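A.B. asks: predicted structure and sequence below. I'll ask about it afterward.
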Amino acid sequence: MERVLIGLSGGVDSAAAALLLKERGYQVTGAYCVMHSRGERELADAKAVAHALGFPLLRLDLRRRFEDEVLHNFLSEYAAGRTPNPCVLCNPAVKFAALCACADRYGIACVATGHYAGVKKRYNRYSIRCNPVKDQSYMLSRLPQSVLARLELPLYGRDKASLRDMASDAGLPVADKPDSQELCFAQGGYRQFLLERGLPVRPGRFILAETGEVVGAHDGFYQYTVGQRKNLGVALGRPVFVHRLDPETGDVFLSHQEPMTDSAVAAGLVWQMRAFKDGDRFDAMVKTRYAAAMVPAHIALAGGKAYIRFETPVRAVTPGQTAVFYDKDAIVGAGFLE
């Protein structure tokens, strides 16, 4: 019987994934990852799921690693006027690295999670595959080959409603548990978290990009992101959007036009389906944020960066977010938007 170590979060997705692995004949061991002080709160639910399904649960204390690898980056990126996605960074640097290390200690070949995605092998390499319904492939875009080669994602092809029904039928105690709607480490929202962690309040001006006119004031540019329209705290008679942030002056530039661009640059490149190099060019579908639609683009590589030319203009391309390149339903690679 093949053994698998699954990351168990205390929610219905990972619980259903564990159930599916059991049904497929795996010998399952669970691992609960404590990332931050709030992380202990979900442990009881994870224990209840493991008990209901009859497998052992390990507790992995990853708080120091999460602080060093994710939270420090999160704070420094906002301080620099960028908008990071902490989950994209956490998965390869903390969560999956810890799961694989733990699996190795216990002689377990496979690792698994409750992400809505799949794994595909092509060109003798592994890549994350889009889920046809709910899709979380974007969050796994920086996983290396060493993880992908041993990764099981049993929720591929599934949807949330059917998984809740499955969990309910199996008597799992988290079948009706609500989904989390916030950053796992910032219960009061990211703005409150930034203040609590000492990011200095830095008042600045709202400036209309078209005219240079000062149209208001704010108490911290990191509260805003490119493309934002709501909750700006300034009224100009018609909608305005955040056009760009200036971390040097603290100013937030607004525009009556929604920010659109036909090009972008991404650095910190990683590759899954194919390992491209400087000088290469290729076409791909590109997502520039988790909730964005894929758009066709042409990519040229030079100086360790990807120069992206979109076939149609894209809204709110935001520094700090991740650009993910897809070939049909599989991830080619990814990089951080500059």
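C.D. replies: Received it, and whenever you're ready, just let me know what you need.
A.B. asks: flag the shaky bits of this structure, pLDDT-wise.
C.D. replies: Along the chain, the parts satisfying pLDDT under 70 run over 38-39, 181-182.
A.B. asks: buried residues in stretch 270-280, which are they?
C.D. replies: 270, 271, 272, 273, 274, 276 (16 or more other C-beta atoms under 10 Å). Using the backbone N, CA and C atoms, a C-beta is placed for each residue, glycine as well.
A.B. asks: I misspoke; the intended subject was stretch 66-74.
C.D. replies: For stretch 66-74, using 16+ other C-beta under 10 Å, the buried residues are 66, 69, 70, 71, 73, 74.
A.B. asks: residues contacting it, please?
C.D. replies: Contacts to stretch 66-74, defined as C-beta atoms under 8 Å, 6 or more residues apart in numbering, come from residues 35, 36, 84, 86, 89, 90, 93, 94, 185, 197.
A.B. asks: burial count for residue 55?
C.D. replies: A count of nearby residues for residue 55, using other C-beta atoms under 10 Å, gives 19.
A.B. asks: same question for the one 4 residues further on.
C.D. replies: Applying other C-beta under 10 Å, we find 14 residues neighbouring residue 59.
A.B. asks: bridged to it, which residues?
C.D. replies: As for beta bridges, residue 59 partners with residue 32 under DSSP bridges.
A.B. asks: wait, what's in contact with it?
C.D. replies: Contacts for residue 59 were tallied using C-beta under 8 Å, 6+ apart; they are 31, 32, 34, 43.
A.B. asks: can you check residue 173 too?
C.D. replies: Residue 173 is in contact with 45, 48, 49, 52, counting by C-beta under 8 Å, 6+ apart.
A.B. asks: give the buried residues for the strand or helix carrying the first one.
C.D. replies: Element membership for residue 45 (DSSP states H and E) is helix 43-53. When burial is assessed from 16+ other C-beta under 10 Å, helix 43-53 yields the following buried residues: 43, 45, 46, 47, 48, 49, 50, 52, 53.
A.B. asks: neighbouring contacts of it?
C.D. replies: Taking C-beta under 8 Å, 6+ apart as the rule, helix 43-53 contacts 8-11, 14-15, 18-19, 22, 28, 30, 32, 34, 56-57, 59, 170-174, 177.
A.B. asks: would you pull up how far it lies from the middle of the chain?
C.D. replies: Distance, stretch centre to chain centre, for helix 43-53: 25 Å (C-alpha atoms, centre = their mean, to the nearest Å).
A.B. asks: for the remainder of this discussion, apply numbering that starts at 150.
C.D. replies: Will do, 150 is the new start, and the previous item becomes helix 192-202.
A.B. asks: now the helices for the protein?
C.D. replies: Counting by DSSP state H, the chain has helices at residues 161-172, 192-202, 212-215, 221-228, 235-239, 245-254, 294-297, 309-318, 339-345.
A.B. asks: and of those helices, who's closest to residue 378?
C.D. replies: helix 339-345 (16.7 Å; C-beta to C-beta).
A.B. asks: ok, residues contacting the closest one?
C.D. replies: So helix 339-345 is contacted by 224, 227, 332, 334, 335, 337, 350, 369, 371, 372 (C-beta under 8 Å, 6+ apart).
A.B. asks: please convert the buried members of the residues you listed into ChimeraX selection syntax.
C.D. replies: Buried residues within the contacts of helix 339-345, by 16+ other C-beta under 10 Å, are selected in ChimeraX with:
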select :224,227,334,335,369,371,372
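A.B. asks: how much space separates the residue nearest to residue 312 when sequence neighbours are not counted from residue 384?
C.D. replies: Nearest residue to residue 312, sequence neighbours excluded (C-beta to C-beta, 6 or more residues apart in numbering): residue 165, at 4.1 Å. Applying C-beta to C-beta, to the nearest Å, the value for residue 165 to residue 384 is 46 Å.
A.B. asks: cool, residue 323 as well?
C.D. replies: To residue 384, residue 323 is 44 Å away according to C-beta to C-beta.
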